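Q: Task: produce atomic coordinates for the following.
(one chain, ligands or ions: 2)
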Amino acid sequence: VNQPSCIKSECTLATTGICLLKKSPQECEHHRTIPISASVARPHLQESQLRSQQRFHTGIEMGTEDAVTISRSSYTRLIGVLGATNSGKTCLLSSLYLLASNGLLGDRFRFAGSLTLKGFEDRARHAREWTSGSFPEQLAEHTRLLDPRAPSLLHMALAETGKLARRRDLLFTDLPGEWTSQLVARADTAARLAFLARADGVIVVLDGPSFASPFTRHTESMNACMLLGRLCSELKLDPSIPLVLAVSKKDQIDGNVPASVEDVAHEARQLGFSPATMATCAFSSNPSKFAAGDGVVDIVAHILNAQPNPPRPHIQSHTIPGRSFLRYGLLAEEFT
Ligand SMILES: Nc1nc2c(ncn2[C@@H]2O[C@H](COP(=O)(O)OP(=O)(O)OP(=O)(O)O)[C@@H](O)[C@H]2O)c(=O)[nH]1
Ligand SMILES: [Mg+2]
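A: Residues are numbered from 1 along each chain as shown. Ligands and ions are numbered 1, 2, ... in the order given. Here you go, the predicted structure:
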């Protein structure tokens, strides 16, 4: 078996299969192929899986197969971001990226890199273009997947400051709102979200203004409650993982969490979750009162405060060990 390697000490090619210069092995002058013994090669991996290690990423998005590769080198937390169309999922991620790239993550974290920089940049483009003047009507494009059947993941690594100085690898889903609304409407659409059974945390983005409006709040809260039910019944999400109810567009609701959000929190508790309700302002139409990015880092910190859970018994029937993404590929096959 040959292992791709790089003579540059900071390159993660050997561990993640990803060249930091984003070059293919053929064109990278630092690339070397070294033979490794069968004992060093992971014996439980198929040849095809080893080949996937040698793929080079475009930096746009990752699929669950790429996630397998990253999670081999360090424990990688998968954070599912769900919510209705236009609720603010993509803006939340763009805002986190803009905070990170401007050194505004607060005292606890600093940005330690991303393997999907282009993906983040593409999403943050509208916000970057908006420099002054009136608040733009649209700060992000409706999320469309490169492959409409496969989820896309955005990677970000954070370094914790302080004594522990740990590196935290995070993978966020950025899915179209339709994936959430269709899951609510039809249980049989759950298969494509089966990988979320492995999630280390879930953020359900609740559109602040819609939850505040007397015309829409009832439907919004009913849909959100049904979503939580589906996460438990269809996706078998472990209710002990952190669940954040992220109330978006805080600047448009004067900072007040609408009362109807409590119905969703109540339902979450009934299902065994310990939800945290957190209002966020990814971008601000009223910066003198609400800072852009307000509450965004707190959500990530809340999820990272929880300890990862050991694997659960109901998914231990496969031979692939640990909380591996590979197991969820198999789990997804079972759903279909
Ligand atoms: N005022 C304000 N507007 C926001 C905020 N976050 C998002 N928006 C607005 O909401 C719109 C939709 O946000 P997105 O992040 O694209 O929503 P989404 O949930 O990703 O939507 P889909 O990809 O269609 O599912 C944006 O274009 C912004 O105009 C915020 O914090 N404040
Ligand atoms: Mg989106």
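Q: Just the pLDDT at Pro310, thanks.
A: Reading off the per-residue confidence, Pro310 sits at a pLDDT of 57.
Q: ok, now the one 3 residues further on?
A: Per-residue pLDDT puts Pro313 at 50.
Q: near ligand 1, which residues of the protein?
A: The chain comes close to ligand 1 at residues 83, 85-91, 138-140, 142-143, 176-177, 248-249, 251-252, 281-283, 285, as judged by C-beta under 6 Å from any ligand atom. Any C-beta I mention is one placed from the backbone N, CA and C, and that applies to glycine too.
Q: what's the spacing between the nearest residue to Val202 once chain neighbours are set aside and ligand 2?
A: Ranked by C-beta to C-beta, 6 or more residues apart in numbering and with sequence neighbours excluded, the top spatial neighbour of Val202 is Gly80, at 4.5 Å. When distance is defined by C-beta to the ion, to the nearest Å, Gly80 is 14 Å away from ligand 2.
Q: Look up how far Ile241 lies from Gly80.
A: From Gly80 across to Ile241, the span is 9 Å (C-beta to C-beta, to the nearest Å).
Q: Between the two ends of stretch 168-178, what distance do you get?
A: Between the opening and closing residues of stretch 168-178 lies a distance of 30 Å (C-alpha to C-alpha, to the nearest Å).
Q: again with stretch 98-106
A: For stretch 98-106, the end-to-end distance is 13 Å (C-alpha to C-alpha).
Q: and Pro25, what element?
A: Here Pro25, judged by DSSP states H and E, is contained in no helix and no strand.
Q: and Val261, how far is that from Val204?
A: 10 Å.
Q: Neighbour count for those two, which is higher?
A: Neighbours per residue (other C-beta atoms under 10 Å) separate Val261 from Val204, with Val204 holding more: 25 against 22.
Q: That one reaches Ile79, doesn't it?
A: No - the pair formed by Val204 and Ile79 falls short of the contact definition of C-beta atoms under 8 Å, at 11.5 Å.
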